[in-house]
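> Sequence unavailable; structure follows:
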Ligand code: SF4
């Protein structure tokens, strides 16, 4: 990305923050809260997530078989199935079905957005009307959806009123939500009555019975499906599940995940052509029973004029290839609930128009766009994912969304990459490349190289401190860093310590607790930041562990690979993983625990390593690793002396956990330990600080990062919080908090440090 | 039928803003008449002991009558107590449009067809599918949207729903 592109991107984000951010923020955070409540109230939630995932995995595995089965089923019901290769193929078929129809009413469907069926039908002379209110607003405004579930989430009531008043010029200007809704209902009601064809998507398709399942709140899908005598349902092939017997988990999950409702207003299972009489509004005086029924044959009822036509268009459009792709396959499990978008802090602040590709938006969109529109379409916004992992637990089918984002990032690096960037600064690229012998392709941008090889730079930084710190702080170097690497000069850079944690530990003569006297022995994992930048928290951790009777080691261990992974530099990350595992293996074999300070490194050991290492190695490391305070918690539970730690005496603290730490379910341990040591803890409700490592340094995202951070700032500057000691578990969280607040933050282990000054 | 199931059903409906009337076959006509907004249309109830013969409801309406109707009366095959959900089948008589187009839907359910949870409802649905009755709507509460800036009830579907439970 050239400096010019970065500036443009920053301007675009700023504009979206100003115009759409507020509406999206209100809605997305509200729905996200509702989702939390719905999940908490529902005991079977976790169990059903597992079940739903298994059903999807099996269905995708057996997809060709299910396609054959559904074809037979729909045909024997009297309908037609068309398997469309791509958008053009689907549109050609749909146009044929529409024939000389004048108008068509549609119920919201992302799949039809994907093939842009409206444009194709309009070109063929068919009037197309969206009937979902949000979707219709966009049609009137000629805009694209900004959210999978709430397409018009970015628009305010005032904006919609203005749009309608201008466009339809009603006798009394519309103002309230009720008035707008009533107007839309009447206007669309007429279109539904007049329509020759009804088009819907399908949330699920049941192979055995040939049924389609529509989940809606408004009731428009029901009307589109049954009012006109011709119904076309368009669904991606991934929507197939075997039968009605597999449907229940999804019905229980989808509304909870999407909007926090326990069940959607209407869950409609239709096996078309349905027996419901077709409503011929040109012939208002015939009783319904004589109006003609479905073509099923066994329908009974009236004289059986087979009035109804049904077409199921199953869209491939890249999905078969996704199915063959070990990394993208999981995307096909997606049930389009939008929970990943709602849970994503960046999405909450800037909305889908910054976050979206051609059709899809939000967390899982990278997978969809890469699969159906190609990598270029995904590249544009893949960057907005910080890998914070908040969406991981939000997904009702447990898709590892950040992993998909990272995979696509790696592929983008390896594909055309960002050629403009490389050619933008060839000398600098050469310089960075010379310093960092990694495994990555030549086209990789200097910035990615820089962040991805941060461990190497950190070594250099410590070795040359304080000169490196001084250099990095000067105006000219900041200008260079900004120009060539796009590192925003408003961001403070890490200050390297001359003596690393490992060196300090060695020079003090190792552990103060001898292994022979200790019940437990632990390796304190010296992550890059703790070792080179925040050595204080490492030293505090050593003292805390020793105070609790643990024999400690701080060996020189390879970095985890988190830095290259977040840049999508897989090969480099994989090498780091192997090195770190090799370094730690001997300790684990000797029965030592691995204590990790940086939550993102722990998340790496607990999660991503299974993708890089042999199963056994990954499992062993995951099982032996603990987050620092989680470990303290365990020690105290097992009888270690709490009195050995520095007590709080009621000290008031404001604590912000780390996104990945929360995903792993480890926030509560810190709160419990601090409270147990007599600290008065206020926890942050905002889950994300907005920094997530390299993201917050990037010039084009700096403002978004600060905007996300403003929620946290607001909470920690209330009357109740203003005088509290600020505590955070992650490096990037601390950096962001330091930028947001006047007080400096520290790691919780520093509070417990017996050597901490009063 | 466990009274607990009916009580739970009632409180679920209450939360959804849906009213409930209990009656037995003898009292059915009066109970129904009391909650109808006329003109009303309906489909045959398919429930022993009760019918729409002696109430002001047009059965087998024309489209014009359907459009003019303020209330639509349909039977409900299964109701789910924990969610307040009503399973409306699709039939040639027009259960789907009659329950969907008028602003008020009156749903008639036998007490013994109220099941506890979605598990039981799905077990019944599975049987119905086997028997060829494979189009059904699970309707919960009234239609709603938040697309216009705040929550509004009654969009394309009914604005009000009322359930009549027929005890045997
Ligand atoms: S990992 Fe975080 S930033 Fe990335 S999509 Fe998920 S919630 Fe958004």
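Received, thanks. For clarity, every value in this text was computed on a predicted model and none was experimentally measured.

> and the gap between the residue nearest to residue A:414 when sequence neighbours are not counted and residue A:526?
Take residue A:414 and drop its neighbours on the chain: the residue closest to it by Cβ to Cβ, 6 or more residues apart in numbering or on different chains is residue A:441, 5.3 Å away. For glycine as for every other residue, the C-beta is placed from the backbone atoms N, C-alpha and C. Using Cβ to Cβ, to the nearest Å, residue A:441 is found at 30 Å from residue A:526.

> okay, the two: which has more neighbours?
Ranked by neighbour count (other Cβ atoms under 10 Å in any protein chain shown), residue A:441 and residue A:526 place residue A:526 first, with 23 against 13.

> For the more buried one, give me phi and psi.
Dihedral pair for residue A:526: phi -80, psi 80, per degrees, to the nearest 10.

> Can you read off the pLDDT for it?
The model reports residue A:526 with a pLDDT of 97.

> And for residue A:676?
pLDDT for residue A:676: 96.

> doesn't residue A:645 make contact with it?
No - at 9.1 Å, residue A:676 and residue A:645 do not qualify as touching, with contact defined as Cβ atoms under 8 Å.

> More neighbours: those two, which one.
Taking other Cβ under 10 Å, residue A:676 and residue A:645 do not tie; residue A:645 has more neighbours (24 against 16).

> Next one: the closest residue to that one other than its chain neighbours from residue A:674, what distance?
Distance criterion Cβ to Cβ, 6+ apart; nearest residue to residue A:645, sequence neighbours excluded, is residue A:752 at 4.5 Å. Remark: distance between residue A:752 and residue A:674 (Cβ to Cβ) = 8 Å.

> Quick check on those two: which one has the bigger neighbour count.
Taking neighbours as other Cβ under 10 Å, residue A:752 and residue A:674 compare with residue A:752 leading, 27 against 23.

> What residues does chain A have near the ligand?
Within chain A, the positions lying close to the ligand (Cβ under 6 Å from any ligand atom) are A:340, A:343-344, A:346, A:363, A:385-391, A:401-402, A:405.

> Report the distance from the helix or strand where residue B:67 lies to the chain centre.
Element membership of residue B:67, judged by DSSP states H and E, is helix B:63-68. Chain-centre distance of helix B:63-68: 19 Å, with Cα atoms, centre = their mean, to the nearest Å.

> And the contacts of that helix?
A:279-281, A:283-286, A:288, A:291, B:39, B:41, B:58, B:72, B:94, B:97-98, B:101-102 (Cβ atoms under 8 Å, 6 or more residues apart in numbering or on different chains).

> How about residue 83, nearest residue that isn't a chain neighbour?
Because you didn't say which chain, this covers chain A. Nearest to residue A:83 is residue A:314, by Cβ to Cβ, 6+ apart, at 5.0 Å.

> Not quite, go with chain B.
residue A:263 (5.2 Å).

> Just say helix, strand or coil for the one you found.
Following DSSP: H, G, I helix; E, B strand; the rest coil, residue A:263 is assigned to coil.

> Surely it touches residue B:141?
No - assessed by Cβ under 8 Å, residue A:263 is found out of contact with residue B:141, at 9.2 Å.

> of those two, who's got more company?
Neighbours were counted for residue A:263 and for residue B:141 using other Cβ under 10 Å; residue B:141 has more, 25 against 22.

> wait, what's in contact with that one?
Contacts of residue B:141 (Cβ under 8 Å, 6+ apart): A:265, B:16-18, B:84, B:161.

> For burial, what's the neighbour tally of residue A:493?
The number of residues near residue A:493, taken as other Cβ under 10 Å, comes to 19.

> Now name the helix or strand holding residue B:79.
Element membership for residue B:79 (DSSP H and E) is strand B:78-80.

> where does chain B dip in pLDDT?
When residues are selected by pLDDT under 70, those of chain B lie in B:1.

> Can you name the residue of it nearest the ligand?
Nearest to the ligand, among the residues of chain B, is residue B:146, at 22.5 Å (Cβ to the nearest ligand atom).

> about what we covered before: name the helices or strands packed onto the helix or strand just after the helix holding residue B:67?
Next helix or strand after helix B:63-68 toward the C-terminus (DSSP H and E): strand B:71-75. Contact partners of strand B:71-75 among helices and strands, from 3 or more Cβ pairs under 8 Å, 6 or more residues apart in numbering or on different chains; DSSP states H and E: strand B:40-42, helix B:95-100, strand B:104-110.

> So in terms of bridging, what pairs with the most centrally placed residue in chain B?
Of all residues in chain B, the one closest to the mean position by Cα atoms, centre = their mean is residue B:107, 2.2 Å from it. On the basis of DSSP bridges, residue B:107 is bridged to residue B:74, residue B:163.

> How about the contacts made by it?
Residue B:107 neighbours (Cβ under 8 Å, 6+ apart): B:73-76, B:79, B:86, B:88, B:99, B:161-164.

> now these in CSV, with neighbour count and distance to residue A:274?
CSV is the format used below for the contacts of residue B:107 (neighbours: other Cβ atoms under 10 Å in any protein chain shown; distance: Cβ to Cβ, whole Å):
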residue, neighbour count, distance to residue A:274
B:73, 28, 20
B:74, 27, 15
B:75, 26, 17
B:76, 25, 18
B:79, 25, 21
B:86, 27, 18
B:88, 26, 12
B:99, 29, 14
B:161, 24, 22
B:162, 21, 25
B:163, 23, 24
B:164, 23, 25
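
> circling back to that earlier point, so what's the backbone phi/psi at the residue nearest to residue B:83?
Dihedral angles for residue A:263 - degrees, to the nearest 10 - are phi -150, psi 150.

> what about residue A:675, which SS state?
helix.

> list the contacts for the closest residue to it other than its chain neighbours?
For residue A:675, ignoring the flanking residues on the chain, the nearest one in space by Cβ to Cβ, 6+ apart is residue A:681 at 5.6 Å. Counting by Cβ under 8 Å, 6+ apart, residue A:681 touches A:653, A:655, A:671, A:674-675.

> quick one on the thing from earlier: now intersect the contacts of residue B:141 with the strands, please.
Counting by DSSP state E, those place residue B:161 in strands.

> From the contacts of helix B:63-68, list just the buried residues.
A:279-281, A:288, A:291, B:39, B:41, B:58, B:72, B:94, B:97-98, B:101-102 (16 or more other Cβ atoms under 10 Å in any protein chain shown).

> So which of the residues you listed is the closest to residue A:504?
Ranked by distance to residue A:504 (Cβ to Cβ), those are led by residue B:101 at 76.9 Å.

> Can you tell me how far the closest one is from residue A:637?
Distance of residue B:101 to residue A:637, computed by Cβ to Cβ: 62 Å.
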